[in-house]
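In: When you get a sec, could you give me coordinates for this:
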Amino acid sequence: MSDLYWLTDEQMDRLRPFFPKSHRRPRVYDRRVLSGIIFVNRNGLRWHDAPREYAPHKTLWKRWITMGIFIRMMDGLAAGKAEPQTVMIDATYLKAHRTASSLRLKKGSCGRLIGRTKGGMNTKLHAVTDRNGCPLDFFMTAGQISDHTGAAALLDGLPPAEWMLADRGYDADWFRDALKEKGIKPCIPGRKSCGKPIKYDKRKYKRRNLIEIMFGRLKDWRRVTTRYDRCSTDFLSAICLAATVIFWL
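Out: As a prediction, the model looks like this:
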């Protein structure tokens, strides 16, 4: 028991407003089940290897994973604590395990968001963070998809901000123009192959390492750094749960 992870009373109080409503019997094992889900995702266990002290593995796997609860948790907690005066955008690769990367799909499926890159089968996670490197929004694509696709998808959800920090991969006139239309100043260096130099605030740009640190901390969770989930929604839920526990609790 001493090696198991348990949420505190304070953490449960902060998460409880996002719990799904109970339509029949009142739930009494929320702390146990939620702690078990965190334990499995952090340690990279298979669901049926979860310690029995939490709950049966089918209960852990089914509870809230497919309902988008963890995505709403992150969005709700981030809205109350974020400091979005400066926002940052970047993307990272997450290795897909062979159990998740089967290319055979059911007819009518939207796809698993796994693609082949030089490093093998990967999913790409696009993220926006606040000035402290805490995640505000995520978007997932297959590994071979351009960073610009993720930038376009995350653009509408950007909070009111003064600055946007991004690396050379986001050096595009359309992206700078879109940011300026939203009243956000771009701090994005130009590509080395660019014909004319791009002016940007080098001192402010140094803070962009915070989003890299955020990705590193997310990848401490073993079911995030390696994707075992075939369903892309389940995998995004695991990422949002990790972000909630690490940055917003």
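In: Past the helix or strand of the chain with the lowest mean pLDDT, which element shows up next along the chain?
Out: Lowest by mean pLDDT, DSSP states H and E among the helices and strands of the chain is helix 57-62, with a mean of 77. Elements were assigned by DSSP states H and E; along the chain past helix 57-62, the next helix or strand is helix 69-81.
In: That next one: which residues count as buried?
Out: Neighbour-count burial for helix 69-81, counted by 16 or more other CB atoms under 10 Å, picks out 69-75, 77-78. Where C-beta positions appear, they are placed from N, C-alpha and C, glycine not excepted.
In: and the two most separated of these?
Out: Greatest spatial distance among the buried residues of helix 69-81 (CB to CB): 69 and 78, at 14.9 Å.
In: burial count for residue 197?
Out: Applying other CB atoms under 10 Å, we find 8 residues neighbouring residue 197.
In: could you pull out the helices for this protein?
Out: 9-15, 30-43, 57-62, 69-81, 147-155, 173-181, 202-205, 209-218, 222-225, 232-243 (DSSP state H).
In: Pick the most buried one from those helices.
Out: Of the helices of the chain, the one with the most neighbours on average (mean count of other CB atoms under 10 Å) is helix 232-243, at a mean of 22.
In: pLDDT below threshold where in this protein?
Out: 1-2, 23-28, 62-63, 66, 102-110, 195 (pLDDT under 70).
In: So residue 227 sits against residue 93, correct?
Out: No - using CB atoms under 8 Å, residue 227 is not in contact with residue 93, being 10.2 Å away.
In: The two: which is more packed in?
Out: Using other CB under 10 Å as the criterion, residue 227 and residue 93 rank with residue 227 on top: 27 against 17.
In: Let me know how buried the nearest residue to the more buried one once chain neighbours are set aside is, in neighbour terms.
Out: Using CB to CB, 6 or more residues apart in numbering and skipping the chain neighbours, the partner closest in space to residue 227 is residue 96 (4.6 Å). For residue 96, the neighbour count with other CB under 10 Å is 26.
In: Give the buried residues for stretch 88-107.
Out: Quick answer for stretch 88-107 (16+ other CB under 10 Å): 88-96, 100-101.
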